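> Can you look at this prediction? I've put the sequence above it.
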Amino acid sequence: MKKFTIEITDTDVYINGRLHLFDCKMDEENYEDDMNKKAILALANEMNYEPASLFEELVDRLGEI
């Protein structure tokens, strides 16, 4: 079993204590949504997924639900 600790501060995202950096905003309109989206992307990266492929697959599966 894996355990992940996600910490979102005012300016940074940490997964298991490791800082994940981002070059641009993911949500221009809402700061909290921006940080949450960054945390989701950081978690996918931490789990060694290719984010684009993972999210495309998730979108396809969500349509089936």
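Structure's in. What do you need?
> From V59, how far off is V13?
Distance of V13 to V59, given as CB to CB, to the nearest Å: 22 Å. Using the backbone N, CA and C atoms, a C-beta is placed for each residue, glycine as well.
> More neighbours: which of these two?
A direct count of neighbours by other CB atoms under 10 Å for V13 and V59 places V13 higher, at 22 against 9.
> hang on, that one packs against K38?
Yes - with contact defined as CB atoms under 8 Å, V13 reaches K38; the gap is 5.0 Å.
> Mind naming the longest helix for the chain?
helix 31-46 (DSSP state H).
> which strands and helices sit next to the helix or strand following that helix?
Per DSSP states H and E, the first helix or strand lying C-terminal to helix 31-46 is helix 51-64. Here helix 51-64 touches helix 31-46, going by 3 or more CB pairs under 8 Å, 6 or more residues apart in numbering; DSSP states H and E.
> Touching the helix it packs on from outside, list them.
Here helix 31-46 makes contact (CB atoms under 8 Å, 6 or more residues apart in numbering) with 4, 6, 8, 13, 15-16, 18, 20, 22, 25-28, 51, 54-55.
> among those, which two are most distant?
Farthest-apart pair in those is N16 and E28; separation 28.4 Å (CB to CB).
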